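# attaching a predicted model along with its sequence, questions to come.
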Amino acid sequence: MSALAMNETLAIARLGQRGDGVAEAADGQVFVPFALPGETVRAVRDGDRAQIVEILTPSASRIAAICPLFTRCGGCAAQHMGEGLYAEWKRQQVVTALSRAGITTDVAPLVDAHGAGRRRVTFHARRDENGMRVGFMAAKTHDLIEVEACPVLAPGLARAPAVAKLLANRLRASNKPLDIQLTASEAGLDVDIRGHGPAGDSLRRQLTEAAERLDLARLAMHGEIIVERRAPLQLMGKAAVTPAPGGFLQATAEGEATLSRLVLAAVPKAKRVADLFAGCGPFSVRLAERAQVSAYESEKAAILALSRAVNHTQGLKPVTAEARDLFRRPLLEHELNAFDAVVLDPPRAGAEAQIRRLAASQVPVIAYVSCDAGSFARDAALLVAGGYALERVTPVDQFRYSAHIELVGVFRKSAGRK
Ligand SMILES: C[S@@+](CC[C@H](N)C(=O)[O-])C[C@H]1O[C@@H](n2cnc3c(N)ncnc32)[C@H](O)[C@@H]1O
């Protein structure tokens, strides 16, 4: 806090994008973490940020946090918001991003896809004078908050904090900060450790023995498998997929099912579908129950995982899977026009190069799954300029209590537009 820090009373007008309360002060906006609209707070101010000292008039929408670490741990931003306020705050992020891009369309109510909880978590591990510490980063600092349990995780990750600590202790000799990613699979915990550097023979033996003792399904370092005791399967539609270690996976099983349901509903009659940014194929394998699918994705390991799963699944229509960098080599119009629907699910940056090609194509329907409302809105404006109508947008919440939001947008080529 600088010498200019001031103590003042602030009236909170609205919620910001990251969940902070926003007050309109005489000299501009002030962001107040954990304050809610309608509240008056006494706060210590430092520039355009302020910390609550006392809530003078609490909002009726304020609820008790479910985790004792809330406000200290950087993992959650919104455990203090009642259900209605929370759902509308998330939905409004999509509405605002679209209206900034000049698009007005109906945005459906938020679909809750938390389900049984997150199926993947990454713990940071660091050794200091008090020993090995394992947990999450604190909000807006480099402090590490030790975590023994996290209520947003799925039951399959109940052991995750203890397992991460044991593994970090095995690697303590290197003194390097580690990221330990644990995923709940059908066969138990699937672990990928990053930050250590390559493992020599002796460390591999120790880690293999640790995996045995901890009954892990698989243990990898930097994506390289040290030991696979059981295939860490994820059930996706009719298929059982073994994702590459550390490979992308939707945050919750319910989120993946919800996004898939919305994608399938958008392309009910399609017979030939392209799945772009396909990952290990959660949409491809479900689409293939009724359509021929061509999947494209830059990660070779994800393409391999998808191909293997398809080869072991009965009753699917043909699926081809190709490793291709769609930023550098987007599908061109003549390739796109072979499909009667395109599904795409790019990373946060969106898919500008691919979208420019889609905008110029004749593909009748596009289902765009996005994890970033800003890049989605930018890409949506390009599709609209190319003659597509944005029919509906459905926001999906699989990162409960965070500021994160996913969505599915459905675009249809307007009749008569070339
Ligand atoms: C949000 S994930 C979606 C994956 C998959 N659709 C799913 O639901 O699990 C985005 C995917 O895009 C892939 N990707 C990132 N950059 C890419 C690029 N330039 N070209 C092709 N794929 C890319 C990532 O590897 C990742 O699998």
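The structure has been received and is ready for your questions.
# next, Pro318: phi, psi?
Pro318 adopts backbone torsions of phi -60, psi 140, taken as degrees, to the nearest 10.
# from Gly386, how far out is it?
29 Å (Cβ to Cβ, to the nearest Å). Using the backbone N, CA and C atoms, a C-beta is placed for each residue, glycine as well.
# between these two, tell me which one has more neighbours.
Higher neighbour count among Pro318 and Gly386: Gly386, with 19 against 11, using other Cβ atoms under 10 Å.
# any idea what sits nearest the spatially most central residue of the chain, other than its immediate chain neighbours?
For the chain, the residue nearest the mean C-alpha position is Ala251 (5.6 Å; Cα atoms, centre = their mean). Distances taken as Cβ to Cβ, 6 or more residues apart in numbering put Gln398 closest to Ala251, at 4.7 Å, once the chain neighbours are dropped.
# spell out which residues of this protein are next to the ligand.
The chain comes close to the ligand at residues 248, 250, 277-279, 282-283, 297-299, 302, 325-327, 345-347, 371, as judged by Cβ under 6 Å from any ligand atom.
# how about the contacts made by whichever residue of the stretch 101-250 of the chain sits closest to the ligand?
Of the residues in the stretch 101-250 of the chain, the one nearest the ligand is Phe248, at a distance of 4.0 Å by Cβ to the nearest ligand atom. Counting by Cβ atoms under 8 Å, 6 or more residues apart in numbering, Phe248 touches Gly279, Cys280, Glu299, Ala302.
# name the nearest of the residues you listed relative to the ligand.
Taking Cβ to the nearest ligand atom as the measure, the ligand sits nearest to Gly279 out of the contacts of Phe248, at 2.7 Å.
# chain neighbours aside, what residue packs nearest to that closest one?
Take Gly279 and drop its neighbours on the chain: the residue closest to it by Cβ to Cβ, 6+ apart is Phe248, 4.7 Å away.
# assumed that neighbour was part of a strand.
No: under DSSP: H, G, I helix; E, B strand; the rest coil, Phe248 sits outside any strand and is assigned coil.
# any idea how far it lies from Ala323?
Taking Cβ to Cβ, one finds Phe248 at 14 Å from Ala323.
# ok, back up a step: and the residues of the chain next to the ligand, which are buried?
Buried subset of the residues of the chain next to the ligand (neighbour count, 16 or more other Cβ atoms under 10 Å): 248, 250, 277-279, 282-283, 297-299, 302, 326, 345-346, 371.
# now do the helices in the chain.
Counting by DSSP state H, one finds helices in the chain at the ranges 83-100, 160-170, 201-213, 253-266, 282-287, 300-311, 333-336, 352-359, 373-385.
# counting by contacts, list what the second one packs against.
Same thing as helix 160-170. Helix 160-170 sits against strand 120-128, strand 131-137, strand 178-185, strand 188-194, helix 201-213, with contacts defined as 3 or more Cβ pairs under 8 Å, 6 or more residues apart in numbering; DSSP states H and E.
# how about the shortest one?
Judged by 3+ Cβ pairs under 8 Å, 6+ apart, the packing partners of helix 333-336 are helix 352-359.
# buried sites along the helix it packs on?
For helix 352-359, by 16+ other Cβ under 10 Å, it's Gln354, Ile355, Arg356, Arg357, Leu358, Ala359.
# try stretch 199-208
For stretch 199-208, the neighbour count (16+ other Cβ under 10 Å) marks Ala199, Leu203, Arg204, Leu207, Thr208 as buried.
# chain neighbours aside, what residue packs nearest to the last one?
Leaving out its chain neighbours, the residue that sits closest to Thr208 by Cβ to Cβ, 6+ apart is Val227, at 4.6 Å.
# again, but for the first one
Using Cβ to Cβ, 6+ apart and skipping residues adjacent in sequence, the residue nearest Ala199 is Met221, 5.3 Å away.
# just checking, that neighbour touches Gly200?
No: Met221 is not in contact with Gly200 according to Cβ atoms under 8 Å; the separation is 11.0 Å.
# domains for this structure, by residue range?
Domain ranges of the chain: 6-62, 87-114+249-413, 120-228, per automatic domain parsing.
# quick one: low-confidence parts of the chain?
Within the chain, the stretches with pLDDT under 70 are 1-6, 416-418.
# quick one: the closest residue to Gln29 other than its chain neighbours from the ligand, how far?
Closest residue to Gln29 apart from its sequence neighbours, by Cβ to Cβ, 6+ apart: Val22 at 5.5 Å. Look at Val22 and the ligand: by Cβ to the nearest ligand atom, to the nearest Å, they are 29 Å apart.
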